[in-house]
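[1] Fold the stuff below for me.
(3 chains)
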Amino acid sequence: MTLRDLVLVRLGVAVNLVVGQIVAALLLPVYLDAVGTILIAALVGPRAAIVTGLTSQVLAAVLSGNFSWLPFGIIQVIIAVYAWVAARAGAFRSLYTAIPAGFLLGAIAGGTAAPIAYFVFGGATAGGVTAVTTVLRGIGVPLPVAVGVSSIGTDLLDKSIAFAMVALILRTLPSHLAARFPALAR
Amino acid sequence: MIGYVAGDSPLHRAHPYTPLAWAGALLLVAFAVSTPAAIGSVVLAAVATAAVGRVVPSVMRPALLLALPTWGLLLVLHGVLGPDPRVALGPLSLSQPGLARALVLGGRITAILFAFLTVLATVSPPRLVEAMTARGVPFGRIYLLVSTLTLVPRMRSRAALILEAQQCRGLRLGGSPPARLRALGPLVLPLVLGALAEVDEQVLALDARGVTSGARRTPLAPPPDRAGERALRWVLGLLVVAAYAAKFAGHGL
Amino acid sequence: MKPIVRLRGGSFTYPGAPAPALHGLDLELRRGEVTAVTGPIGAGATTLLLVAAGFAPRLTGGTLAGERESLAVRPGIVFATPWTQLTGLCHTVRAEVAFGPASHGRPREQVLAVADRVMGQAQVDHLADRDPHTLSGGELQRVIIASALALEPDLLVLDDPAAELDPAAADALYALLREVAEAGAAVLVATPDVERAARVATRALRLEQGRVVKDGPPSEVLA
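    I've put the predicted structure just below:
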């Protein structure tokens, strides 16, 4: 990675960590903690995006003290690679392509999170997700299904919005800035 | 309180890699064991080490705050809603295997939280940077882990400023979900675009200071790494291997 | 004396830009001289700094046409906003200032000695043990300059360095630039502050739309 890539990854990680704060102020039921990763995937490439995602995972744990999130690192890799593929395919050129692409990532990411949550934590991780899981179990839904549904549900919304956000950012980039990112020209 | 707490305990004085190695080993062992008794010992080991670091009061509160909601949900999810046979606990009828599972899962999370919060409390970031520099860890890795943490507060205050400015321009934070969703744009876009515009300056400043020189950076105050500590880290590694060997040999700890 | 940087017929175009940011550039920078560059926003002063110091096109991309000869082995650069120039890795001012020589692998004693010397020069020695992130804009900018001086640059370029400083600090900064030049470096400073620049500059340039329209003694150019 060049020095410039490094500084961009750092920016991506900071965005991942900070956007969540804005989202909380707006009382939206999502995290949006992958906007930075997705942005770096579109601006730089898959390797930089993977580093962004993994570093964000570690630093989020350090900042919040909640180290139980560490095993979900593999999902960061999936998000990074998928976002890069989506960028290459031109998904970010319009909101009409970005949102469905994000929706699909939500399904994939949530679907991957579920087995990790199930095997590693017996279904209990994030409060909100676990609460939904518990309710579903309470009405008789088998545990793996309950974990899967609650996990994917939040992710569909989260990743759709995240992809829309990145599409907007890329569209609003001033041309002299955009010219500095060869990955965008493709 | 999450974060470094100044002090003079053996953990504070240790080479930063030692508490890290210990927390990592504890994390791995926590996943190797699967009986309530075994996980109980792991939790005790975590708490004992926090005591060695003289940070139990600082670590206890955030650890419990973070763990308690999960404990509650686990006890309901597995204890109440688990399979038979059941055991009576006062007025409640709890699933026996479910309860055991809840104890193990909850214990795991508690042990990991205690361990890593202790590390955060006893390893000071500048000392860790010096240790990594002395070991020849590439600038990039150290930069990403440490420098980002100094960028975050600056971005947070900028986000707060953008929030204020947009509110002066009529942005409302309340309202229907679609309205709140639309408010995301005017808040996130300036933040990200502003940060992107600074990238070139940062690259130039770092390059001018020689980070691309290829030379190995000189540490200014490297923490000493005593032979005893290095040996201890090796022992921890062996303990992890032993725990997993026992697990896969079917000794079901 | 042979110039440390010489540009002849230089023109520079940023990547993807429709027109050159600089053209027809003839410039010579010499040790011991303080050259001030002035002009309206967007005239190309910052670009001139980057080209002179060799940061463009190496780090910015783009194309440089014309002749460029440079004996400047170690350029130092200082921008207007101090916070973006911090490494973010250093928890004391001393460590931040020492970062440059330390990154070049110089021995510890040498690194610390240089750091102490330049901290004294930039008048930030009393801040040596403070966390850079707790300093005011003015103090931090002096720390950044000290950090640049720590590598003993033969060419120091500065982009509106006193933008965030109060009047007294700004005076001290420009006086420091004169000292740095007298110690043997070439100094190139882009600034709208023509009054302070005129006090310390030995030469001045005025840029308009990427061309040098005036080049001569400060009294003429910066009037």
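[2] May I have the lengthiest helix in chain C exported as CSV, CA atoms only?
    Looking across chain C with DSSP state H, the single longest helix is helix C:167-182. Extracted C-alpha coordinates of helix C:167-182, given in CSV (Å, rounded to 0.1, in the frame of the first residue of the first chain):
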residue,chain,number,x,y,z
PRO,C,167,0.1,38.9,15.5
ALA,C,168,2.9,38.4,18.0
ALA,C,169,3.3,34.7,17.0
ALA,C,170,3.1,35.6,13.3
ASP,C,171,5.9,38.2,13.8
ALA,C,172,8.0,35.6,15.6
LEU,C,173,7.4,33.0,12.8
TYR,C,174,8.5,35.3,10.0
ALA,C,175,11.6,36.3,12.0
LEU,C,176,12.4,32.6,12.4
LEU,C,177,12.2,32.1,8.6
ARG,C,178,14.9,34.8,8.2
GLU,C,179,17.0,32.9,10.8
VAL,C,180,16.5,29.6,9.0
ALA,C,181,17.7,31.2,5.7
GLU,C,182,20.7,32.8,7.4
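[3] Same question for it: list its buried residues.
    Buried residues in helix C:167-182, counted by 16 or more other C-beta atoms under 10 Å in any protein chain shown: C:169-170, C:173-174, C:176-177, C:180-181. Using the backbone N, CA and C atoms, a C-beta is placed for each residue, glycine as well.
[4] low-scoring stretches of chain A, by residue?
    A:68, A:120-134, A:147, A:185-186 (pLDDT under 70).
[5] now the helices for it?
    So, for chain A - with DSSP H - the helices run A:3-25, A:35-43, A:46-64, A:73-88, A:95-121, A:127-138, A:143-172, A:175-178, A:182-185.
[6] can you redo the ones you listed as CSV with distance to C:Ala201 and mean neighbour count?
    Putting the helices of chain A into CSV (distance: least, C-beta to C-beta, whole Å; neighbours: other C-beta atoms under 10 Å in any protein chain shown) gives the following:
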stretch, distance to C:Ala201, mean neighbour count
helix A:3-25, 32, 23
helix A:35-43, 40, 29
helix A:46-64, 42, 21
helix A:73-88, 48, 21
helix A:95-121, 52, 19
helix A:127-138, 62, 19
helix A:143-172, 40, 22
helix A:175-178, 30, 14
helix A:182-185, 39, 13
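[7] so which of those helices comes closest to C:Val194?
    Among these, the nearest to C:Val194 by C-beta to C-beta is helix A:175-178 (27.5 Å).
[8] follow-up on the earlier one: and which of the buried residues of helix C:167-182 is nearest to B:Leu161?
    C:Ala169 (24.2 Å).
[9] For the closest one, give its distance to C:Leu135.
    Separation of C:Ala169 from C:Leu135 (C-beta to C-beta, to the nearest Å) stands at 12 Å.
[10] So which bits of chain C are right by chain B?
    C:50, C:55, C:59-60, C:75-77, C:79, C:81, C:83-92, C:94-95, C:98-108, C:111-112, C:133, C:147-148, C:151 (C-beta under 8 Å from any C-beta of the partner chain).
[11] if I pick C:Glu179, what's in contact with it?
    Contact analysis of C:Glu179 by C-beta atoms under 8 Å, 6 or more residues apart in numbering or on different chains lists C:Gln121.
[12] How about B:Leu68?
    Applying C-beta under 8 Å, 6+ apart, no residues contact B:Leu68.
[13] same check, this time on B:Ile142
    B:129, B:132-133, C:89.
[14] got it, and C:Ala36?
    Contacts of C:Ala36 (C-beta under 8 Å, 6+ apart): C:189-191, C:194, C:197-198, C:201, C:203-205, C:218, C:221-222.
[15] Then it would be within a strand, right?
    Yes - applying DSSP: H, G, I helix; E, B strand; the rest coil, one finds C:Ala36 inside a strand.
[16] Just the pLDDT at it, thanks.
    Per-residue confidence (pLDDT) for C:Ala36: 95.
[17] what residue ranges in the stretch 151-253 of chain B score low on pLDDT?
    For the stretch 151-253 of chain B, the ranges with pLDDT under 70 are B:251-253.
[18] Which single residue of it ends up nearest chain C?
    Scanning the stretch 151-253 of chain B for the residue nearest chain C gives B:Ala215, at 3.4 Å (criterion: C-beta to the nearest C-beta).
[19] same check, this time on chain A
    Counting by C-beta to the nearest C-beta, chain A gets nearest to chain C through A:Ala179 (2.8 Å).
[20] List phi and psi for that residue.
    phi -60, psi -20 (degrees, to the nearest 10).
[21] go on, C:Lys214?
    Torsion angles, degrees, to the nearest 10, at C:Lys214: phi -140, psi 140.
[22] distance of it from C:Pro20?
    20 Å.
[23] mean confidence for stretch C:90-101?
    Stretch C:90-101 comes out at a mean pLDDT of 95.
[24] Got the confidence number for the one residue in chain C that gets nearest to chain A?
    Among the residues of chain C, C:Gly16 lies closest to chain A, at 2.8 Å counting by C-beta to the nearest C-beta. As predicted, C:Gly16 sits at a pLDDT of 81.
[25] do you know how far C:Ile41 is from A:Ser56?
    36 Å.
[26] And for B:Pro83?
    For B:Pro83, the distance to A:Ser56 - C-beta to C-beta - is 38 Å.
[27] A:Met165 now?
    16 Å.
[28] what does B:Ala165 give?
    Applying C-beta to C-beta to B:Ala165 and A:Ser56 gives a distance of 27 Å.
[29] closest to B:Gly90 among the buried residues of helix C:167-182?
    Nearest member of the buried residues of helix C:167-182 to B:Gly90, counting by C-beta to C-beta, is C:Ala169, at 70.3 Å.
[30] Contacts only, for the residue nearest the centre of chain A.
    Geometric centre of chain A, nearest residue: A:Ala34, 3.1 Å, by C-alpha atoms, centre = their mean. Contact partners of A:Ala34, counting by C-beta under 8 Å, 6+ apart, are A:16, A:53, A:56, A:76, A:79, A:158-159, A:162.
[31] ok, these vs B:Leu20, which is closest?
    Distances from B:Leu20 to the contacts of A:Ala34, taken by C-beta to C-beta, are shortest for A:Ser56, at 19.2 Å.
[32] Spatially, which residue comes closest to that closest one, not counting chain neighbours?
    A:Asn16 (4.1 Å; C-beta to C-beta, 6 or more residues apart in numbering or on different chains).
[33] now B:Thr49
    B:Thr118 (5.9 Å).
[34] what about the one you found, which SS state?
    Taking three-state DSSP, the label given to B:Thr118 is helix.
[35] gap between it and B:Thr70?
    Taking C-beta to C-beta, one finds B:Thr118 at 19 Å from B:Thr70.
[36] what's the answer for C:Leu127, then?
    The value you get for C:Leu127 to B:Thr70, if C-beta to C-beta is used, is 45 Å.
[37] How far away from the center of its chain is the helix or strand harbouring C:Val97?
    Here C:Val97 is covered by helix C:93-103, with elements defined by DSSP states H and E. Distance of helix C:93-103 from the chain centroid (C-alpha atoms, centre = their mean, to the nearest Å) equals 18 Å.
[38] And chain A, is that helix touching that?
    No - under the criterion of C-beta under 8 Å from any C-beta, chain A is not reached by helix C:93-103; the shortest gap measures 12.0 Å.
[39] Give me the residues contacting that helix.
    Outside helix C:93-103, the residues that reach it (C-beta under 8 Å, 6+ apart) are B:126, B:139, B:208-211, B:213, B:215, B:217-220, C:86-87, C:89-90, C:110-112, C:114-116, C:118-119, C:124, C:127-132, C:135, C:143, C:146-148, C:150-151.
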